[in-house]
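Structure, please.
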Amino acid sequence: MTAIFHLLRTKIFLWMLLAINIAGTIYGFIWYQYQLEQTPAKFLIFVPDSPTASLFFVLVLMFFLFGKNNGLLESLAIVTLFKYGIWAVMMNVFLLIVEGELHWTGYMLMVSHLGMAIQGLLYAPFYRIKPWHLVVTAIWTLHNDVIDYVFGMMPRYGILTTYYYQQIGYITFWLSILSIGITYFLCLRKGRLKLSIR
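Have a look, this model is predicted:
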């Protein structure tokens, strides 16, 4: 475990992770292109969930590379990376169950989004999150759920969106609560592991 934490804070690894996340963020915004073209301007910031999460992490990594912390960005990153990482894996598994098959891009999305969730958690000991950071993040996250499932701006997943809209909304809400709870446990409770970036 010590070797893993040492690797995570080396600049070479941080630069590599930064490059991967920048590429993933760009691909994510391209993936949302058609939905964004049909989205009212006032909702645009809330639609591209996964690329926005990875963008938060890109900014966190940039701060790390300069030996800095930004607690609010770190809070937004860990919550949204875990939430939307696990959400995308679940949606693709559900799609496979419902349709009986999954395009290869679905498997690619599962692997990449699972990686999103894991990387956010791995860096938890390096974050410097304060209670108010998590409060702001919780408001952002739950407000995003309202925009997605009350105003219909959720990511489009074919037959799932058409026939399982309410169920997905319910699951997403509790996934948000779980993500916020995990962040509290890893980053705010007393006795948590704390490390610094070198």
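
Start and end of stretch 28-42, how far apart?
End-to-end span of stretch 28-42 (C-alpha to C-alpha, to the nearest Å): 20 Å.

Tell me the buried residues in that stretch?
Within stretch 28-42, the residues scored as buried using 16 or more other C-beta atoms under 10 Å are 28, 29, 31, 32, 39. In this view, the C-beta of every residue, glycine as well, is placed from N, C-alpha and C.

for stretch 119-137, same thing?
Neighbour-count burial for stretch 119-137 flags 119, 120, 123, 124, 125, 126, 127, 129, 133, 134, 137 (criterion: 16+ other C-beta under 10 Å).

and what of stretch 138-153?
By 16+ other C-beta under 10 Å, the buried positions in stretch 138-153 come out as 138, 140, 141, 144, 145, 147, 148, 149, 153.

I'd guessed residue 117 sits against residue 81; true?
Yes - at 6.0 Å, residue 117 counts as touching residue 81 under the criterion of C-beta atoms under 8 Å.

Which residue ranges of this structure form strands?
Read by DSSP state E, the chain holds no strands at all.

Can you read off the pLDDT for residue 196?
pLDDT recorded at residue 196 is 75.

swap that for residue 163, please
69.

shared neighbours of residue 117 and residue 81, anything?
Common contacts of residue 117 and residue 81 (C-beta atoms under 8 Å, 6 or more residues apart in numbering): none found.

and the gap between residue 13 and residue 3?
Distance of residue 13 to residue 3, computed by C-beta to C-beta, to the nearest Å: 12 Å.

Which residue of the two possesses the greater neighbour count?
Between residue 13 and residue 3, counted using other C-beta atoms under 10 Å, the more crowded position is residue 13 (12 against 7).

Once you drop chain neighbours, what's closest to the more buried one?
residue 7 (5.5 Å; C-beta to C-beta, 6 or more residues apart in numbering).

Where in this structure is the helix or strand with the lowest mean pLDDT?
helix 159-163 (a mean of 72; mean pLDDT, DSSP states H and E).

got a list of contacts for it?
The list of residues contacting helix 159-163 from outside it, by C-beta under 8 Å, 6+ apart, reads 91, 94, 95, 98, 99, 154, 155, 168.

closest to residue 113 among the residues you listed?
residue 91 (9.2 Å; C-beta to C-beta).

could you list every residue that touches the closest residue to that closest one other than its chain neighbours?
The shortest distance from residue 91 to any residue other than its chain neighbours is 5.2 Å, reached at residue 157 (C-beta to C-beta, 6+ apart). Taking C-beta under 8 Å, 6+ apart, we find residue 157 in contact with 91, 95, 168.
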